[in-house]
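Chemist: with the sequence up front, the predicted model follows.
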Amino acid sequence: MDKLQDIESVIEAVKARADIAPYARRVGVWVWVEFPDKPGEETRAFLKGVGFHWNKTRAAWQHNCGTFRRINRHCDPRTVYGEAYIQDQLTGA
């Protein structure tokens with residue numbers, strides 16, 4: 001599986017997966033996925049395959065969508081850049 005590089009491709013891949021879409025959100029120009037419980041091996045393999053990485057500190061799968069930022073441990077990107085759930089984009093909410 002090829003790693004995705006742009007946010008539109010990452011969002012489309014996530015929206016196509018019913019096991020991921022409810023837990024995915026756009027945080028600035030990144031896509032984060034935060035599951036309530038550890039996802040299954042197939043889901044984790046898919047996330048890794050398209051370019052997500054596990055961020056232990058934030059307890060989230062993250063994809064930078066080709067945008068690199070320095071690590072800032074003093075703020076939460078969700079408060080700086082905002083967030084929008086991918087599922088809301090599916091339902092038009």
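Modeler: Here it is on my side, so go on.
Chemist: could you use CA atoms for every contact and neighbour count after this?
Modeler: Noted.
Chemist: in space, what's closest to residue 63 - neighbours in sequence excluded?
Modeler: residue 52 (4.5 Å; Cα to Cα, 6 or more residues apart in numbering).
Chemist: that neighbour is in contact with residue 66, isn't it?
Modeler: No: between residue 52 and residue 66 there is no contact under Cα atoms under 8 Å: 11.3 Å.
Chemist: more crowded one of the two?
Modeler: residue 52 (23 against 13; other Cα atoms under 10 Å).
Chemist: if I look at that one, how far off is residue 76?
Modeler: Shown here: residue 52 relative to residue 76, a distance of 19 Å by Cα to Cα, to the nearest Å.
Chemist: which non-adjacent residue is nearest the residue nearest to the spatial centre of the chain?
Modeler: Note on the chain: the residue nearest the mean C-alpha position is residue 32, at 2.5 Å, using Cα atoms, centre = their mean. Distances taken as Cα to Cα, 6+ apart put residue 62 closest to residue 32, at 4.5 Å, once the chain neighbours are dropped.
Chemist: for the one you found, helix, strand, or coil?
Modeler: strand (DSSP: H, G, I helix; E, B strand; the rest coil).
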